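Q: Please work out how this folds:
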Amino acid sequence: MSGGHGHGHSAAGRHRWRLSLAAGIVATFFVVELVAGLMAHSLALISDAGHMAADVVTLGAALFATRVAIRPDTTGRRTFGSYRAEVFASGFAVLVMLSVSAYIAIEAVARFGSPVAPATGVMLVVGALGLLVNLACMALLRSGSRESLNVRGAYLEVLADTLGSLGVIAAALLVRATGRTVWDTLIALAIATFVAVRAVLLGREVLAVLGQHAPAGITPEDMLAALSDLPGVSEVHDLHVWQLTSGMNVATAHLVSDDRAGSNPLTAASTLLRERFGIAHATLQVESAGTCQGADW
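A: Here you go, the predicted model:
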């Protein structure tokens, strides 16, 4: 029997308009920064533009995923809907971020042997504009990043770009102050490293969801103990808890009823999982001692 009904809309779907607006802003500035970077011969600007290109791809994937996630199933076979599309989009964001990091690192290493003097004035202006753009996008995505893994991936991309813009400004100031063009290359390499670290952290979250690990903040042992302590429950087994997508936790369990108690623990167990553990969709099987017909794996 199910302790919850329906699945509702995913967390990312509620923030679709924020993703759309951020994607439009980032896509526009990406063109500006790429052209400026090529004209100024600045690897820091070009690397930041490359990261913005990753932002465009990531935000586009996130938007596509939120549309797929709320699309009704016409096959009758997707019993959980298409909510996992958001997780796959986050995984794609990780791959894009790692690819951009590798490209920037390769270009930075190549520049050490052939230094090029960048136009620091252009770097300063475009870096400052990029900082404003990224701060605006961060403000748009901040609230959604707490609820959706998909929106969090987009938010982390923009956060990394914010630091990238600061890096561009710092590179311009250092090159201008010291006359050494190597600062442009070093900061581009630092941007690549930061992006790679953020990608790895997000990738770990994605793998945890796809691997059906218990959601963050939920300890299966605590849940098992809480269910076992309910009136009318003598034993709990076959407990499974996982995250379908952001904001959608799912659990299943077998409850062995205490025949002497003379009560059905289903309602109390459903309420416990919903109110204490934040699980609105729980499938619970109530059985008598010795009658379990569960799986043998």
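
Q: what distance separates the start and the end of stretch 226-236?
A: Start-to-end span of stretch 226-236 (Cα to Cα, to the nearest Å) is 10 Å.

Q: Which is the succeeding secondary structure element to the longest strand seen in the chain?
A: For the chain, the longest strand by residue count, based on DSSP state E, is strand 233-245. Helices and strands here follow DSSP states H and E; after strand 233-245, the next one along the chain is strand 248-257.

Q: Check the burial of the residue nearest to residue 60 when sequence neighbours are not counted by counting its neighbours.
A: Leaving aside its chain neighbours, residue 60 sits nearest to residue 23 (6.2 Å; criterion: Cβ to Cβ, 6 or more residues apart in numbering). Placement of C-beta: from N, CA and C, glycine included. Residue 23: 21 surrounding residues under other Cβ atoms under 10 Å.

Q: which residues touch stretch 52-60?
A: With Cβ atoms under 8 Å, 6 or more residues apart in numbering as the test, stretch 52-60 has contacts from 19, 22-23, 26-27, 29-30, 33-34, 89, 92-93, 96-97, 99-100, 130, 153-154, 157-158, 161, 195.

Q: Could I get the contacting residues of residue 137?
A: By Cβ under 8 Å, 6+ apart, residue 137 lies in contact with 22, 25-26, 158.

Q: returning to what we had before: and the one helix or strand the residue nearest to residue 60 maps to, which residues are buried?
A: If you go by DSSP H and E, residue 23 is part of helix 16-40. Neighbour-count burial for helix 16-40, counted by 16 or more other Cβ atoms under 10 Å, picks out 16, 18-20, 22-23, 25-27, 29-30, 33-34, 36-37, 40.

Q: From those residues, pick the one nearest residue 188.
A: For the buried residues of helix 16-40, the minimum distance to residue 188 (Cβ to Cβ) is 10.1 Å, reached by residue 37.

Q: For the closest one, list the residues it contacts.
A: 43-46, 48-49, 126 are the contacts of residue 37 under Cβ under 8 Å, 6+ apart.

Q: cutoff 10 Å now
A: 43-50, 118-119, 122-123, 126, 168 (Cβ atoms under 10 Å, 6 or more residues apart in numbering).

Q: Next, format the residues you listed as JSON lines and append neighbour count and pLDDT.
A: Listed next are the contacts of residue 37 as JSON lines, based on neighbours: other Cβ atoms under 10 Å; pLDDT from 0 to 100:
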{"residue": "43", "neighbour count": "26", "pLDDT": "81"}
{"residue": "44", "neighbour count": "32", "pLDDT": "82"}
{"residue": "45", "neighbour count": "32", "pLDDT": "86"}
{"residue": "46", "neighbour count": "23", "pLDDT": "83"}
{"residue": "47", "neighbour count": "31", "pLDDT": "79"}
{"residue": "48", "neighbour count": "33", "pLDDT": "81"}
{"residue": "49", "neighbour count": "25", "pLDDT": "83"}
{"residue": "50", "neighbour count": "26", "pLDDT": "77"}
{"residue": "118", "neighbour count": "26", "pLDDT": "82"}
{"residue": "119", "neighbour count": "18", "pLDDT": "84"}
{"residue": "122", "neighbour count": "17", "pLDDT": "89"}
{"residue": "123", "neighbour count": "27", "pLDDT": "90"}
{"residue": "126", "neighbour count": "27", "pLDDT": "90"}
{"residue": "168", "neighbour count": "33", "pLDDT": "88"}
